[in-house]
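K.L.:
the following comprises the amino acid sequence and a computationally predicted model.
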Amino acid sequence: MTGVQNALEVVNLTKRYGAMAAVKDLTFHVEPNEILGISGPNGAGKTTLFDVISGLSAASAGRVTLFGQDITGARAEQVCHLGLARTFQLNAVFDSMTVEENLLTAAYFGRHGRSFPGLRFDRQSHADCDAALEITGLAPHRHRPAAQLTVLERKLLMLASAVATGPRLLMLDEPVGGLTREEIDHCAGVIRRIRAERAMTIVLIEHVMSFVTALADRVMVLHHGAKLYEGSVAGMAESAEVVSAYLGTSGLRDLKQAAETGNGGGHDDAA
Ligand SMILES: Nc1ncnc2c1ncn2[C@@H]1O[C@H](COP(=O)(O)OP(=O)(O)OP(=O)(O)O)[C@@H](O)[C@H]1O
C-alpha cells in the first residue's frame, strides 16, 4: 500500500448482456491527474465500461471506487454529483437551447439533486457556465443555438457541459472522432488546459493515435471485454497481440508516425 488514493479503481468488473460478457473481469486504476487512454477494436467493450462506471447501466459483478468512495450501483446523477462527468460518442447536446443554456443546465443538474430548477439558475451555475465557456474557448458562441454549431463546436460543447458539472474525473468517449487534423490538435490543447488548470483526472476512449499519443500518460487496450495491454503508448507498437488484434499495419504506421512527429495520422477503424 502506498497510501496514495486512486482517482478511479475498477476491480473484477463484469457486464453481461444475456450470455455475452461485454466487459469481463476487468481490473485497472487511474491515478489523480493522470490521463488514461482506452483503445481497442470495435465492440471491445469500451463504451460499455464507461456506461457501467458512470452509472448508466448496472454492473453484473465487480466494484468501482471514485476517489476512495464506492460508487458501484449508484445512479448516473449520483455518480455525477460525486464528481464524475462523461461525454458520449454521438451528439448529446440540447439543439434547441443556446450554448449558454446548455451549460447552465449541465452546471445546475450536475450539482443539484432536484427535479426542477428554480425560476432562475443560481450563482454557482452561472460561475460554472462562465468558467466552462472560457476554458473551452466557446465564450464567443454563448448566445448561439446549439443546432447552429459546427461539428468541432458541438464536441467542445459536450466537453464544456461535462466540465460545467464541476467534476474531478472526466471520462471522454471518442472526443475527436470525425474531426480534421487541425481540429484534433485544437481539442488536445483544450484538454491539456483543463487537466492543468482544474487538476483533472481524465479517461478517454479514442482510436485516433495522434491524439492518444499527444495526451495519454498510459494506455489500456481492450479486446473482447478483457485487458489486452496496459502500459505506455509507445509500448503498444511492441505488443504483437495489440498489433494483431487492433492496430494492424496501418495502425502501427500511424502510431509510429505519431510517436516520431507528435502529429501522426489517425487510426480510425471505428464505425
Ligand atoms: N445494450 C446492449 N445490449 C446488448 N448488447 C450490447 C449493448 N450495448 C453493447 N452491447 C454489445 O456489447 C459489446 C461491446 O460494445 P461496446 O459498444 O461497449 O464496444 P466499444 O468497444 O465501445 O465499440 P466501438 O469502438 O465500436 O464504440 C458489443 O458486442 C455490443 O454489441
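P.N.:
All right, it came through fine.

K.L.:
low-confidence regions, the stretch 101-250 of the chain specifically.
P.N.:
Of all residues in the stretch 101-250 of the chain, those with pLDDT under 70 make up the ranges 113-119.

K.L.:
ranges for the helices of it?
P.N.:
123-136, 151-164, 181-198, 209-215, 240-242, 248-261 (DSSP state H, counting those that start in this stretch).

K.L.:
export the ones you listed as a markdown table, with columns for mean neighbour count.
P.N.:
Just so you know, the C-beta spots here come from the backbone N, C-alpha and C atoms, and that holds for glycine as well. A markdown table is the format used below for the helices of the stretch 101-250 of the chain (neighbours: other Cβ atoms under 10 Å):
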| stretch | mean neighbour count |
| --- | --- |
| helix 123-136 | 19 |
| helix 151-164 | 24 |
| helix 181-198 | 17 |
| helix 209-215 | 25 |
| helix 240-242 | 14 |
| helix 248-261 | 16 |
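
K.L.:
residue 224: which of those is closest?
P.N.:
When the helices of the stretch 101-250 of the chain are compared for distance to residue 224 using Cβ to Cβ, the nearest one is helix 240-242, at 11.7 Å.

K.L.:
what is the closest one packed up against?
P.N.:
Counting contacts by 3 or more Cβ pairs under 8 Å, 6 or more residues apart in numbering; DSSP states H and E, helix 240-242 packs against strand 226-231.

K.L.:
show me the domain layout of this structure.
P.N.:
When the chain is parsed with automatic domain parsing, its domains come out as 1-83+172-271, 97-166.

K.L.:
relative to the ligand, which of those is closest?
P.N.:
The ligand lies closest, by Cβ to the nearest ligand atom, to one member of these: domain 1-83+172-271, at 3.3 Å.

K.L.:
please see if the closest one touches the ligand.
P.N.:
Yes - using Cβ under 6 Å from any ligand atom, domain 1-83+172-271 reaches the ligand at 17, 22, 40, 42-48, 270-271.

K.L.:
so who does the closest residue to the ligand within the stretch 51-200 of the chain touch?
P.N.:
Nearest to the ligand in the stretch 51-200 of the chain, going by Cβ to the nearest ligand atom, is residue 89, at a distance of 6.2 Å. Counting by Cβ atoms under 8 Å, 6 or more residues apart in numbering, residue 89 touches 47, 173-174, 177.

K.L.:
the most centrally placed residue in the chain: what's it in contact with?
P.N.:
Taking Cα atoms, centre = their mean as the criterion, residue 172 is the residue nearest the geometric centre of the chain, at 1.5 Å. For residue 172, the contact set (Cβ under 8 Å, 6+ apart) comprises 86-87, 159, 162, 191, 202-206.

K.L.:
equivalent analysis for residue 97, please.
P.N.:
Applying Cβ under 8 Å, 6+ apart as the definition, the contact partners of residue 97 turn out to be 105, 145-146.

K.L.:
likewise for residue 43?
P.N.:
For residue 43, the set of contacting residues under the criterion of Cβ under 8 Å, 6+ apart is empty.

K.L.:
now do residue 171
P.N.:
If you count contacts by Cβ under 8 Å, 6+ apart, then residue 171 has 50, 53-54, 84-87, 202-204 around it.

K.L.:
let's see which of those residues end up in helices.
P.N.:
50, 53 (DSSP state H).

K.L.:
tell me the one among the contacts of residue 171 nearest to residue 237.
P.N.:
residue 204 (19.3 Å).

K.L.:
how many other residues sit next to that closest one?
P.N.:
Residues lying near residue 204 (other Cβ atoms under 10 Å) number 23.

K.L.:
thinking it is in contact with residue 38, fair?
P.N.:
Yes - with contact defined as Cβ atoms under 8 Å, residue 204 counts as touching residue 38 (7.0 Å).
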